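[1] here is the input, now give the coordinates:
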Amino acid sequence: RFRFSSILSVPHTHTKRPNTNTIQNAHQLAPHPHPQPTKKKKEEMQRPSRQRRRRRQRRLLTPAAMAGACLCCLLIHLYARNPASLSLSRIRAKTTSFTSSSSSSSSSSLSSSSLSASMGTRGPASRRICRVKSTATRSATFPRRTENVAGDFFVDSSCIDCDTCRWMAPSVFSRIGDKSAVHSQPENEQERLQALKALLSCPTASIRTESPPKDIKTAQNAFPDPIDAAEGVYHCGYHTEKSFAATSYFIRRPQGNVLVDSPRFTPPLVKRLEALGGVKYMFLSHIDDVGDHEKFAKHFNCERVMHAGDFRGALGDAIERPIEGEDDYALAQDLKIIPVPGHTVGSSALLYKDKFLFTGDHLALPRANDYEHLGSFPSFCFHSWEKQIESVEKLRGYSFEWVLPGHGRRFHKAQGMDAELQKAVAWMKTQ
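    Below is the predicted model:
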């Protein structure tokens, strides 16, 4: 107000400031049109205004809030994976692991010095297994079983007794007590390769080594593992805990490859399947063994085939080619789907070239009869045991040499399969 009134009263164009030394009364001086600010005023002008400060605070608040939210999400994620691992040192170790370069979930969880998380969700709480990053945390949570012999390979206490390692590398692993253990360390390169493939296929990362295996890439490149390379039939490996370690298979054919049930979705396997031509069809034998079907379907843009009797929730909407009824369905000239209800309502088998029968959980060499002959799993029949016996009898009208199951062990016999099926039916009727 003072400056404005001064400018109005004294035009600054022709005003000359008098010499104050010659004037006795300073009040007689006309006010300067642009008075110099005081020291206090200068300090106030140099300070940022309140509005400017608020703008600066807002600019800093957004990244700070985002960083805090990310940290909270990370802590919640770590706690959900392993509540016992949230000490400060372990959080630092895990944070470093999350920000480091990505690698295969299986290959990075190979040894006691390099463990990583698997791709996919955890199983039920009763058998939830954490693929933790920290070696110390893993060893403390799931220690080495005392039943293992001394040496590099061992099985820890997280084993779920799925039998995968025992049929993949019987010279190294066996059932001791109620779980698997190493009964003999590998003695040659072939046995070591089989042990490493079992390590990669373990659904719970329960198989480990004392030192990081330098030849793990060789084992990764061995999958899919040929069952009959001439006919293009392979074992995928990389069993998933989501289906309690069910075995999945890969059929390579000129008309389009087929993935039988879903293995664990992991980069090394996906790259190998890409190199073999990708996946055109994904046959899902029943509801128990769908595993990571969504990830494979999205990645390969493949067509999922499944019997409608096993649709649960949103699964029915996801299946591109549903099968209904109990009549055979020709997926292709060399691929026939055979409904075999019993284990579940919608259990189905896939017959390839009248030679390979992929049976899911319908028919296998089960532990219930000590793997002596074909049979099934009476303790894990979720629909009708009588209906399952009828479905096994139904298979006598087909020609095949191989029984390739999801659970249990595979069986091969070039001649006399009908007699084996009769023996299986007789045994199942006694259960």
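[2] what's the residue lying closest to Tyr249 once chain neighbours are set aside sitting at in phi/psi?
    Leaving aside its sequence neighbours, Tyr249 sits nearest to Val260 (Cβ to Cβ, 6 or more residues apart in numbering; 4.1 Å). C-beta here means a position set from N, CA and C on the backbone, and glycine is covered the same way. Main-chain dihedrals, Val260, degrees, to the nearest 10: phi -100, psi 110.
[3] surely Val260 touches His235?
    No. Between Val260 and His235 there is no contact under Cβ atoms under 8 Å: 10.0 Å.
[4] which of these two has more neighbours?
    Taking neighbours as other Cβ atoms under 10 Å, Val260 and His235 compare with Val260 leading, 27 against 21.
[5] before we move on, the earlier item: shared neighbours of Val260 and His235, anything?
    248-250 (Cβ atoms under 8 Å, 6 or more residues apart in numbering).
[6] compare the residues you listed and tell me which has the most neighbours.
    For the shared contacts of Val260 and His235, the largest number of neighbours (other Cβ under 10 Å) sits with Ser248, at 31 neighbours.
[7] run through the residues that contact that one.
    Neighbour list for Ser248: 235-236, 239, 259-263, 289, 291, 406 [criterion: Cβ under 8 Å, 6+ apart].
[8] can you give me the helices for the stretch 51-200 of the chain?
    Counting by DSSP state H, counting those that start in this stretch, the segments of the stretch 51-200 of the chain that form helices are 88-99, 135-141, 164-168, 189-201.
[9] just checking, what packs against the second one?
    So that's helix 135-141. Helices and strands touching helix 135-141, as assessed by 3 or more Cβ pairs under 8 Å, 6 or more residues apart in numbering; DSSP states H and E, are absent.
[10] shaky segments in the protein?
    Under the criterion pLDDT under 70, the flagged ranges of the chain are 1-37, 39-62, 79-136.
[11] got the domain ranges for it?
    Per automatic domain parsing, the domain ranges recorded for the chain read 103-217, 223-429.
[12] run the chain-centre distance for the shortest one.
    A distance of 16 Å separates the centroid of the chain from that of domain 103-217, by Cα atoms, centre = their mean, to the nearest Å.
[13] do the longest one as well
    Using Cα atoms, centre = their mean, the distance from the centre of domain 223-429 to the centre of the chain it belongs to is 21 Å.
[14] end-to-end on it?
    38 Å (Cα to Cα, to the nearest Å).
[15] ok so, going back, put together JSON lines for the domains of the chain, with distance to Leu75 on each row.
    Output for these, formatted as JSON lines (distance: least, Cβ to Cβ, whole Å):
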{"stretch": "domain 103-217", "distance to Leu75": "14"}
{"stretch": "domain 223-429", "distance to Leu75": "24"}
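[16] distance check, the residue lying closest to Lys355 once chain neighbours are set aside against Lys413.
    Nearest-residue entry for Lys355: Glu401, 5.2 Å, with adjacent residues in sequence omitted and distances by Cβ to Cβ, 6+ apart. Separation of Glu401 from Lys413 (Cβ to Cβ, to the nearest Å): 6 Å.
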